[in-house]
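Show me how the following folds:
(one chain, ligands or ions: 1)
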Amino acid sequence: MAFLGYNNAQKITLRGMRCTSIVGALSLLTLLITAIPASAGDTAPETNKNSAAAAPSPSTNAGTLPASPDKVDTAQIKKHRMVKLTERLTTDEETLKKSCRYESDIPLTPPAKEIALTFDDGPEPIQTEYILAILKKHRVPATFFMIGEKIQTHPELVKLVQESDYALIANHSWSHPNFHDIPVEEQSLEIQKSNAISETFNTHQLFRYPYGNASCESNQLLKSMGQKIVGWHVDSCDWAFDHKGSVDLKEALSCGVLAQNRKNYLEHVISSVHAHNGGIVLMHEIHPNTLKNLDEIITRLLADGYVFKSLADDHFQKYLK
Ligand SMILES: [Zn+2]
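This is a model prediction of the structure:
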């Protein structure tokens with residue numbers, strides 16, 4: 001069965017259809033997921049499995065895997081994603097467009113076989129260094145969307161990323177609020193304060209909204225500052241999988257996780273990238289599933305012929321708003 005990503009679900013058209021509840025929305029998704037025909041791109045070729053098996057472990061080549069944080073709060077992101085899914089399914093596209101709420105969504109098909117990795121919500125001690133080591137090992141670029149408060153607390157980590165040949169630094173607000181829940185004045189402060197602390201190293205003027213949730217006023221402010229809004233094509237959904245690498249049914253539906261991948265975060269990411277044939281990939285520094293699997297994810301995708309590019313690359317400019 002083919003992977004059904006959120007954007008795909010939206011495209012297949014739910015336009016004009018109305019659901020009165022989350023249950024209704026999820027039922028629709030279930031129907032859509034079971035209705036999608038199989039495609040050749042969903043299964044990793046045998047050669048990828050061989051490559052993955054032969055890949056050196058990150059613990060010997062990219063430093064020691066950091067201990068998983070005791071508690072990563074995923075409740076907020078789960079809540080906001082469900083609200084978004086419900087709004088997407090119950091509101092017509094024109095109304096949503098006028099509201100500017102989901103400016104981060106990218107309607108364009110990603111560049112074929114090209115990937116831009118992005119890591120949100122850092123910097124974090126040990127974790128940032130670990131990810132940098134994996135990028136260096138594979139010589140692949142990535143962008144770190146950092147939170148202003150954490151930049152202030154960990155300038156040494158910012159310096160490490162800045163000095164890396166493989167990473168860009170970008171803006172992810174000052175304190176990571178949901179912009180749909182705070183007044184315009186606060187939104188403005190979140191953007192301007194984070195810009196003040198990060199402008200010297202946010203060399204490509206990139207901004208990503210927390211949870212991808214935008215507003216017309218903030219979009220306008222970012223444009224006036226010359227900042228580009230960065231969304232994603234592929235959500236790794238590292239936040240949806242638990243510490244054992246499993247995902248419950250509700251999150252599986254909202255993330256488009258195939259039944260056979262509900263206990264396999266690695267295969268979910270690989271099949272999601274295959275389903276989109278590349279694009280901007282959203283991951284988080286703070287989620288252990290990403291840390292545990294990043295080395296193998298990159299190994300597998302390289303073996304599958306994907307090329308990793310920076311968001312600064314010309315090919316990715318048209319996906320930034
Ligand atoms: Zn975030």
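
so what's the residue in the stretch 151-300 of the chain that the ion sits nearest to up against?
Going by CB to the ion, the ion is nearest to P210 of the stretch 151-300 of the chain, at 4.7 Å. For every residue, glycine as well, the C-beta is placed using N, CA and C. By CB atoms under 8 Å, 6 or more residues apart in numbering, the contact set of P210 is 172-173, 176-179.

try 10 Å this time
76-77, 80, 120-121, 145, 147, 172-180, 190 (CB atoms under 10 Å, 6 or more residues apart in numbering).

quick one: stretch 178-192 near the ion?
No. Stretch 178-192 does not reach the ion (CB under 5 Å from the ion); its nearest approach is 10.1 Å.

Can you flag which of the contacts of P210 belong to strands?
Counting by DSSP state E, the part of these found in strands is 120-121, 145.

Can you tell me which of the residues you listed has the most neighbours?
Counting neighbours by other CB atoms under 10 Å, F145 leads those with 26 neighbours.

Could you measure from that one over to I197?
Using CB to CB, to the nearest Å, we find F145 at a distance of 14 Å from I197.

who does T118 bridge with?
T143, L282 (DSSP bridges).

Run a quick neighbour tally on it.
Residues lying near T118 (other CB under 10 Å) number 24.

for the ion, what are the nearby residues on the stretch 201-321 of the chain?
So the stretch 201-321 of the chain meets the ion at P210 (CB under 5 Å from the ion).

any idea where the helices of the stretch 201-321 of the chain begin and end?
Assigned by DSSP state H, counting those that start in this stretch, the stretch 201-321 of the chain shows helices spanning 216-224, 249-255, 265-276, 288-303.

avg pLDDT for the first one?
Just to be clear, that refers to helix 216-224. Average pLDDT, helix 216-224: 96.

and K79, what does it touch?
178, 211.

Residue ranges in the stretch 51-200 of the chain under the pLDDT threshold?
In the predicted model of the stretch 51-200 of the chain, residues 51-72 satisfy pLDDT under 70.

In it, what residue spans correspond to helices?
Counting by DSSP H, counting those that start in this stretch, the helices of the stretch 51-200 of the chain are 58-61, 75-90, 93-99, 127-138, 148-153, 155-163, 184-198.

Only the buried residues of the fifth one, if you could.
Of the residues in helix 148-153, those scored as buried under the neighbour-count criterion (16 or more other CB atoms under 10 Å) are 148, 150-151.

What does the pLDDT read for the spatially most central residue of the chain?
Compute the mean C-alpha point of the chain, and by CA atoms, centre = their mean the closest residue is L282, 1.5 Å away. Note on L282: pLDDT of 97.

quick one: contacts for F201?
The contact partners of F201, taken as CB under 10 Å, 6+ apart, are 144, 146, 151, 158-159, 161-162, 168-171.
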